[in-house]
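Undergrad: sequence and predicted structure are below.
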Number of protein chains: 2
Amino acid sequence: MITIKEIAELAGVSIGTVDRVLHSRGRVSEKTKNLILSIVKKEGYRKNIVASQLSNSRISNFAVIMPLPEQNDRFWQIIQMGIEAEKERLNYFKLKLDYYFFDRFDGNSYIKVFTDAVKTEPDGIILAPVLAVEAMSLADKVPEKTKVVLMNSDLPDFNKLSYIGQDSFESGRTAGKLMSMSNGKSGTIAVIDVHPEDYHIHIRTEGFKKYILDNTNSKIRTYLLPAENDMEEFKRCAQLIDNENEDLSGLFIPNSSVHYFADLLEKSIKDKKISVIGYDLVEANAVMLEKGTIDFLINQQPGKQGELALEYLFRSTVLQERIVEKKFLPIEIICRENLESYIER
Amino acid sequence: MITIKEIAELAGVSIGTVDRVLHSRGRVSEKTKNLILSIVKKEGYRKNIVASQLSNSRISNFAVIMPLPEQNDRFWQIIQMGIEAEKERLNYFKLKLDYYFFDRFDGNSYIKVFTDAVKTEPDGIILAPVLAVEAMSLADKVPEKTKVVLMNSDLPDFNKLSYIGQDSFESGRTAGKLMSMSNGKSGTIAVIDVHPEDYHIHIRTEGFKKYILDNTNSKIRTYLLPAENDMEEFKRCAQLIDNENEDLSGLFIPNSSVHYFADLLEKSIKDKKISVIGYDLVEANAVMLEKGTIDFLINQQPGKQGELALEYLFRSTVLQERIVEKKFLPIEIICRENLESYIER
DNA sequence: CTGTTAGCGCCTTCAC
DNA sequence: GTGAAGGCGCTAACAG
């Protein structure tokens, strides 16, 4: 591996000049600049990141903008743990990480927090754009040099380094397959549209319905649940499902709140052998899975999402590597039998 | 974070002396040694690995002892790719990796290769001990200072740093659950005992049988397949299964060779709607899964096994961190619908 | 515009 | 036993 010293020798200049070219610090004649760049290219120079870190006093500065960790049944906490794990792996490099948490049921809190984060002009931002409308409305406030990684849900029109998450439609189809297997009989399957405005979650229901309608004789009935932060809504919705469907055979809830329904409808689930499928291996859901009230969970590797998000930012800003613009994570199937293997320690 | 220079100042000695103490290079008086160690402890000194790597000319030397990558339907190749991926991540550190491949159907080749590897006195060894008897017989030939990580299958009595792999019994139980779900009817389920002598694989059949017998009315019939490298054996075994079981409803093959059976018995599988469950997301199996001839695969994250194995060795030898002695990886369930999400790029 | 130089923290050699 | 000094490759301030 060639070093700047060797490049300097080859070019007949000093290392200071080479350094200036490599960092585009200007004040170098066009001629020597081109000479140096040609050598860099020809020899395949890559800076020694270890030496660079040792000498460099500059601290990379990253901001994480995401919902409060405790929201969505602490789903976000798992993501945060993934980010922290990756930070630990990178602890010999100079990184600074600031969290900006917002209330995912309050657009204004997002706006405030995003504005704060952007003010610090971070090198990179990890953003969970669950509030799509607000996120898009502020998209152009991201400083020129700041790179953004979106995780968990994508915003196609957002100018970003990369997106990390699941293919929602295929994920829904997989849930459909599991539903069709676990309830042999036909009947009515209730689908809860938890955040109709959240494209990412809504599309899961589309994949699910598609699979069921294409492959089974079951009927599907959709229920809207607009206000996920209101327990009364859950109760009303559960009640409605119970009352309206004598032949209920399945229940599909496209996010982590499946345990509320499993709990509220426990008696019917047992009596009528209703199959229940939901999302996310959060504590409350694991308990219900273990009890047998939930049959399957689809997991979206939240920890891995966090790890990758930070890794990508690091590789892009510090190592200056190219990053894939889209990373779809595995659609994990979790049932009682393999649950244990998915729980750390 | 305190540096050796600061320690030297506190102790009123030079950094050379501090260094000698930290590396137990001797030639330091008992008194100053104790003084320095007490400061180290009190201040919580941890060496700066970045600076250390930069100055250190020493190259860490690791050996990987595993079956030929092309064996077992190229299962081992996936493991190797995982190791290489981790090596790439650690590329700014000085690591040397040598592969020692053996023929997993030839004990002598293992012995030769292992002996060669050990001769180089590596800092660490990644070992896939599929040939349990041979591996144990040479276990005491590992040099004192060499750390060993076992992956894929464990040897409880082997003196090792860590084991990375799956819980075989639970993995078999999960397969049993999937079998019971995917074939609604009862009937006979054929279980192939592929390597009866390979504890790790055999135990999967135990888990599988346990689940089926505890939870269904199906009968189980076990077939031995001792010589996995003989295609004629596969044919004979498949033929036998086909002839002997009019009411065949399921087929469980506890390793990657499931695609051979799926292929040989394709007609019966289609006609009688036999459920087929096997292991490992290798190319040949993915094709059959896509076609619908295999219903489910259990995956054991071979890539991740490789990554972790190297990461553990690195963390233990270079960073001198403590490592968990056992790491069970997730029991992944793969079907046609989520297959795509598990395939890289 | 360009070259020189002093570190970053640790490791290693050599001299006393 | 101990200390001084050079160097790993890169960065950045400074002098010209």
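TA: Structure received. This is a predicted model, so every value here is computed, not measured.
Undergrad: low pLDDT regions in chain A?
TA: For chain A, the stretches flagged by pLDDT under 70 are A:345.
Undergrad: so for it, the centremost residue is which one?
TA: A:Asn152 (2.4 Å; CA atoms, centre = their mean).
Undergrad: tell me the contacts of it?
TA: Remark: with contacts taken as CB atoms under 8 Å, 6 or more residues apart in numbering or on different chains, A:Asn152 is in contact with A:79, A:128, A:130, A:164-165, A:200, A:300, A:302, A:305. Backbone N, C-alpha and C define where each C-beta goes, glycine included.
Undergrad: try it again with 6 Å
TA: With contacts defined as CB atoms under 6 Å, 6 or more residues apart in numbering or on different chains, the neighbours of A:Asn152 are A:128, A:165.
Undergrad: from A:Pro129, how far out is it?
TA: Between A:Asn152 and A:Pro129 the distance, using CB to CB, to the nearest Å, works out to 8 Å.
Undergrad: how about A:Ile164?
TA: With CB to CB as the criterion, A:Ile164 and A:Pro129 are 12 Å apart.
Undergrad: and the residue of the stretch 151-300 of chain A found nearest DNA strand C, what is it in contact with?
TA: Closest residue of the stretch 151-300 of chain A to DNA strand C, CB to the nearest atom of the strand: A:Leu161 (28.4 Å). The neighbourhood of A:Leu161, defined by CB under 6 Å, 6+ apart, consists of A:147, A:149, A:316, A:323.
Undergrad: run a quick neighbour tally on the residue in the stretch 101-250 of chain A that DNA strand D sits nearest to.
TA: When CB to the nearest atom of the strand is the measure, the stretch 101-250 of chain A has its nearest residue to DNA strand D at A:Asp123, with 13.1 Å between them. A:Asp123 is surrounded by 22 other residues when neighbours are defined as other CB atoms under 10 Å in any protein chain shown.
Undergrad: how about it, phi and psi?
TA: Taking degrees, to the nearest 10, you get phi -70, psi -30 for the backbone angles of A:Asp123.
Undergrad: for the residue in the stretch 101-250 of chain A positioned nearest to chain B, helix, strand, or coil?
TA: Taking CB to the nearest CB, chain B has its nearest neighbour within the stretch 101-250 of chain A at A:Thr174, 4.1 Å off. Secondary structure state of A:Thr174, per DSSP: H, G, I helix; E, B strand; the rest coil, is helix.
Undergrad: state the distance from it to A:Ile298.
TA: In this structure, A:Thr174 and A:Ile298 are 6 Å apart, going by CB to CB.
Undergrad: okay, now A:Pro226: neighbour count?
TA: As a burial measure, A:Pro226 scores 12 neighbours (other CB under 10 Å).
Undergrad: kindly report the same for A:Phe105.
TA: For A:Phe105, using other CB under 10 Å, the count is 16.
Undergrad: if we ignore the residues flanking it in sequence, what's nearest A:Tyr260?
TA: Taking CB to CB, 6 or more residues apart in numbering or on different chains, and ignoring the residues beside it in sequence, A:Tyr260 has A:Phe234 as its nearest neighbour in space, at 4.8 Å.
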